[in-house]
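K.L.:
This is the structure alone, sequence omitted:
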């Protein structure tokens, strides 16, 4: 039996050390409808990379392709450093279960974040403070309980009267771990998959849905995050199109002080 | 010696059939400063997948990680179907040269695009017609010659008087092959890397630059593209942040009729 670590999130994304092959186990605390919360899977993969003895530099980009539902229980992570030079590392990770079937395929780039010209072009999406925003009360899946969602704008109107025109797919909300935990690269990647499906917003109903591919870019390194010293982010997410069973999402994760920490995009299956 | 095929682009992105191992050769026609134009490399990888005998469905998502400059000459593509089910296929591709050194690492998702509820939420970025827009005259790299860029907004002011405030990183432009070629998934992925580096716009100067990771989502399938029957797209691109030697880019590719064909994002190294 595993000893519970300090935070459920760290327990849920725990991996045991290996060289090219790491082990982990899905967590019931971060369970979604047909498998673990994709953000927890992505964070587990990132954790194996960050903890890897050959890793150097900061996480820069992570793409996770969800190939099949991850079954409850043990999994292996096949972690491979594909290419490295002085300033960047390129990794490939395959999450496999029972007999080597691939459930998740990921690539990641780590990089030395050297000082440079700096310019934040995107504008901070101003919002009323976290403390003045009501928590989202409806919880459908276990993993949702692990977060504190506070919608500033675009709370989903699920189950409302069906209207002809699609609703907005835009949301602005505070997101933090329910039990506060300092925001790091692991929580940023998990939170980048924590926006509710845009199709739920646009259709005002829950429909069969699954993220197919998720990409997150990190715009703050360990030092930047240490300076922010925060336990929640302001997230904005929107969709551009829903067409022939697939829809997109793009999102930004901001520190309360107005710093852009990460950007994320995904393409997802839906049935509607 | 290769026989020239109908269009330089098709020649530049040509691959010879294999099972798991395909061969290709870089093209001088699509050369950038230290290697082939990344869009040509991405399109070459996508072509190998589309032409693969085991491929089924439409390209949905492609992520290309540029691990090292591709040297002039021959390369191998190691193409692997990682996971498939009734409606999706997950692929991994490694481009290697001389002795198996990996230059490019890619993942792709193919999917059956079944009819569904459809909703284009993003608004068409209206622009004056292609015919009324002047071609971009300055050409720095060979690959740029292969395209007809017509800036509606945000033409880069390179080499202009250095101003204190960063310039806008937003561009809106018509992009088509210089020798017209029907827009297909291959040209969409190439064009998704054809925007000039956002840092050139923001800094008003050329600086050392390289795309590290590129992700493109396809929102139109073969039938949709056949209906459009176009040889150019309206592209918009912007950046959200430049920080510690890396900056992002996000873009949209539209048909002249107002249909969103593809969305793209990338993270890139710069020295400034």
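P.N.:
Received it, and whenever you're ready, just let me know what you need. Given the structure is predicted, the values throughout are model-derived calculations rather than measurements.

K.L.:
Would stretch A:207-219 count as contacting chain B?
P.N.:
Yes - Stretch A:207-219 is in contact with chain B by Cβ under 8 Å from any Cβ of the partner chain, via A:212, A:213, A:215, A:217, A:219. The way it works is simple: take the backbone N, C-alpha and C, and place the C-beta from them, glycine included.

K.L.:
List the residues that contact the first one.
P.N.:
Spelled out, it's residue A:212. A:65, A:66, A:246, A:266, A:267, A:268, A:269, B:60, B:61, B:88, B:109, B:111 (Cβ atoms under 8 Å, 6 or more residues apart in numbering or on different chains).

K.L.:
Just to check, the first one is in contact with residue A:103?
P.N.:
Okay, so that is residue A:65. No - the pair residue A:65 / residue A:103 is not scored as a contact, 10.1 Å apart, by Cβ atoms under 8 Å.

K.L.:
which of these two has more neighbours?
P.N.:
Remark: of residue A:65 and residue A:103, residue A:65 carries more neighbours, 26 against 21, as counted by other Cβ atoms under 10 Å in any protein chain shown.

K.L.:
At which residues are the helices of the stretch 51-200 of chain A located?
P.N.:
A:185-191, A:198-203 (DSSP state H, counting those that start in this stretch).

K.L.:
Out of those helices, which gets nearest to residue B:255?
P.N.:
helix A:198-203 (21.9 Å; Cβ to Cβ).

K.L.:
Distance from the closest one to the middle of the chain?
P.N.:
Its chain's average C-alpha position is 18 Å from that of helix A:198-203, according to Cα atoms, centre = their mean, to the nearest Å.

K.L.:
Next SSE downstream of that helix?
P.N.:
Going down the chain from helix A:198-203, the next helix or strand is strand A:209-218, by DSSP states H and E.

K.L.:
Near residue A:222, how many other residues are there?
P.N.:
14.

K.L.:
And the one 10 residues further on, by the same measure?
P.N.:
With neighbours defined by other Cβ under 10 Å, the count for residue A:232 comes to 22.

K.L.:
give the contact list for it.
P.N.:
With contact taken as Cβ under 8 Å, 6+ apart, residue A:232 is in contact with A:130, A:148, A:174, A:175, A:176, A:177, A:180, A:183, A:256.

K.L.:
Do I have it right that the fifth one meets residue A:148?
P.N.:
Spelled out, it's residue A:176. Yes - between residue A:176 and residue A:148 a contact is recorded at 5.0 Å, counting by Cβ under 8 Å.

K.L.:
How about the residues of the stretch 151-272 of chain A by chain B?
P.N.:
A:166, A:169, A:202-203, A:212-213, A:215, A:217, A:219-221, A:224, A:238-246, A:248, A:250, A:252, A:260, A:263, A:265, A:267, A:269-272.

K.L.:
Now with 6 Å, please.
P.N.:
Contacts of the stretch 151-272 of chain A with chain B, taken as Cβ under 6 Å from any Cβ of the partner chain, map to A:166, A:169, A:212-213, A:215, A:217, A:219, A:239-245, A:248, A:260, A:263, A:265, A:267, A:272.

K.L.:
sorry, back to before: among the contacts of residue A:232, the buried ones, what's the ChimeraX command?
P.N.:
Here is the ChimeraX selection string for the buried members of the contacts of residue A:232, based on 16 or more other Cβ atoms under 10 Å in any protein chain shown:
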select /A:130,148,174,175,176,177,183,256
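
K.L.:
Inside strands: which ones of the contacts of residue A:232?
P.N.:
Per DSSP state E, strands hold the following members of these: A:148, A:174, A:175, A:176, A:177.

K.L.:
farthest-separated two in these?
P.N.:
Spatial extent of the ones in strands among the contacts of residue A:232 (Cβ to Cβ) is set by the pair A:174 and A:177 at 11.7 Å.

K.L.:
I'd like the helices of the stretch 51-200 of chain A written out as a markdown table, with mean pLDDT and mean neighbour count added.
P.N.:
Listed next are the helices of the stretch 51-200 of chain A as a markdown table, based on pLDDT from 0 to 100; neighbours: other Cβ atoms under 10 Å in any protein chain shown:
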| stretch | mean pLDDT | mean neighbour count |
| --- | --- | --- |
| helix A:185-191 | 98 | 26 |
| helix A:198-203 | 96 | 25 |
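
K.L.:
so who does the residue nearest to the spatial centre of chain A touch?
P.N.:
When Cα atoms, centre = their mean is applied to chain A, the residue found nearest the centroid is residue A:190 (2.8 Å). With contacts defined as Cβ atoms under 6 Å, 6 or more residues apart in numbering or on different chains, residue A:190 is in contact with A:39, A:40, A:43.

K.L.:
Against which helices or strands is the strand or helix carrying the last one packed?
P.N.:
Right, the one you point to is residue A:43. Using DSSP H and E, residue A:43 maps to helix A:38-50. On a contact count with 3 or more Cβ pairs under 6 Å, 6 or more residues apart in numbering or on different chains; DSSP states H and E, helix A:38-50 meets strand A:58-66, strand A:101-111, helix A:185-191.

K.L.:
rerun that using 7 Å as the cut-off
P.N.:
Contacting helix A:38-50 under the criterion 3 or more Cβ pairs under 7 Å, 6 or more residues apart in numbering or on different chains; DSSP states H and E are the following elements: strand A:15-16, strand A:58-66, strand A:74-84, strand A:88-97, strand A:101-111, helix A:185-191, strand A:209-218.

K.L.:
would JSON lines of those with distance to residue A:24 be doable?
P.N.:
Below are those laid out as JSON lines (distance: least, Cβ to Cβ, whole Å):
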{"stretch": "strand A:15-16", "distance to residue A:24": "5"}
{"stretch": "strand A:58-66", "distance to residue A:24": "14"}
{"stretch": "strand A:74-84", "distance to residue A:24": "6"}
{"stretch": "strand A:88-97", "distance to residue A:24": "8"}
{"stretch": "strand A:101-111", "distance to residue A:24": "11"}
{"stretch": "helix A:185-191", "distance to residue A:24": "13"}
{"stretch": "strand A:209-218", "distance to residue A:24": "18"}
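
K.L.:
from what I can see residue A:76 touches residue A:96, true?
P.N.:
Yes - under the criterion of Cβ atoms under 7 Å, residue A:76 makes contact with residue A:96 at 5.0 Å.

K.L.:
list the buried ones in stretch A:53-72?
P.N.:
Within stretch A:53-72, the residues that count as buried by 16+ other Cβ under 10 Å are A:55, A:57-68, A:70.

K.L.:
Would you check which pair of the residues of stretch A:207-219 next to chain B lies furthest apart?
P.N.:
Farthest pair in the residues of stretch A:207-219 next to chain B, by Cβ to Cβ: A:212 and A:219, 24.0 Å.

K.L.:
thinking again about what came up before, mind checking the helices and strands packed on helix A:38-50 for the one nearest to residue A:124?
P.N.:
Of all those, helix A:185-191 sits nearest to residue A:124, with 16.7 Å by Cβ to Cβ.

K.L.:
chain center to the closest one, what's the gap?
P.N.:
Distance, stretch centre to chain centre, for helix A:185-191: 5 Å (Cα atoms, centre = their mean).

K.L.:
what do you get for stretch A:111-131?
P.N.:
18 Å.

K.L.:
Also stretch A:245-256?
P.N.:
Its chain's average C-alpha position is 10 Å from that of stretch A:245-256, according to Cα atoms, centre = their mean.

K.L.:
do the same with stretch A:146-166
P.N.:
Distance, centroid of stretch A:146-166 to centroid of chain: 20 Å (Cα atoms, centre = their mean).

K.L.:
what's the answer for stretch A:16-28, then?
P.N.:
19 Å.

K.L.:
Then stretch A:259-272?
P.N.:
Chain-centre distance of stretch A:259-272: 9 Å, with Cα atoms, centre = their mean.

K.L.:
For residue A:9, give its distance to chain B.
P.N.:
Residue A:9 is 25 Å from chain B, where distance means Cβ to the nearest Cβ, to the nearest Å.

K.L.:
and that residue, which of the three is it?
P.N.:
Here residue A:9 is helix, with the state taken from DSSP: H, G, I helix; E, B strand; the rest coil.
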